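Engineer: What follows is a protein structure lacking sequence information:
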């Protein structure tokens, strides 16, 4: 079993930045990892992910150019740097890990964190 613990959420004004962290109880070296979010009353939404094969990243259109995913294998930690935040970015952000891939639907992902709340005020 893998434990994922997110942190770094909080309240920020429009245009501000936050960096989320996700610490894994297992090495990240051979896992795909990603971030999803769920706003109140809405379905879970893919944010971005990093492939374990080549370290390449991919993002949803709304995150492209504003958010950056990175990881530090020495710390077993995945990051989500979020810049130019907007009120519509308000959501609980979840870290996800899978030995194969992170589908944008989120279906079949093996491990999930419990989430960290990000609130962007207007």
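Structural biologist: On my side now, so go ahead. This is a predicted model, so every value here is computed, not measured. Numbers count the residues shown, from 1 in each chain.
Engineer: Tell me which stretches of this structure form helices.
Structural biologist: Chain-ordered helices for the chain, with DSSP state H as the definition, do not occur.
Engineer: middle-most residue in this protein, spatially?
Structural biologist: The structure's the chain has its C-alpha centroid closest to residue 35; by Cα atoms, centre = their mean the separation is 2.4 Å.
Engineer: Can you name the residues bridging to that one?
Structural biologist: residue 48, residue 95 (DSSP bridges).
Engineer: So what does the residue nearest to residue 15 when sequence neighbours are not counted have for phi and psi?
Structural biologist: Of all residues not flanking residue 15 in the chain, residue 84 sits nearest, at 6.1 Å (Cβ to Cβ, 6 or more residues apart in numbering). The way it works is simple: take the backbone N, C-alpha and C, and place the C-beta from them, glycine included. Main-chain torsions, residue 84, degrees, to the nearest 10: phi 50, psi 50.
Engineer: so residue 84 touches residue 68, yeah?
Structural biologist: No: assessed by Cβ atoms under 8 Å, residue 84 is found out of contact with residue 68, at 11.6 Å.
Engineer: So between the two, which is more surrounded?
Structural biologist: More crowded of residue 84 and residue 68, by other Cβ atoms under 10 Å: residue 68, with 15 against 12.
Engineer: Fine by me, we can end here.
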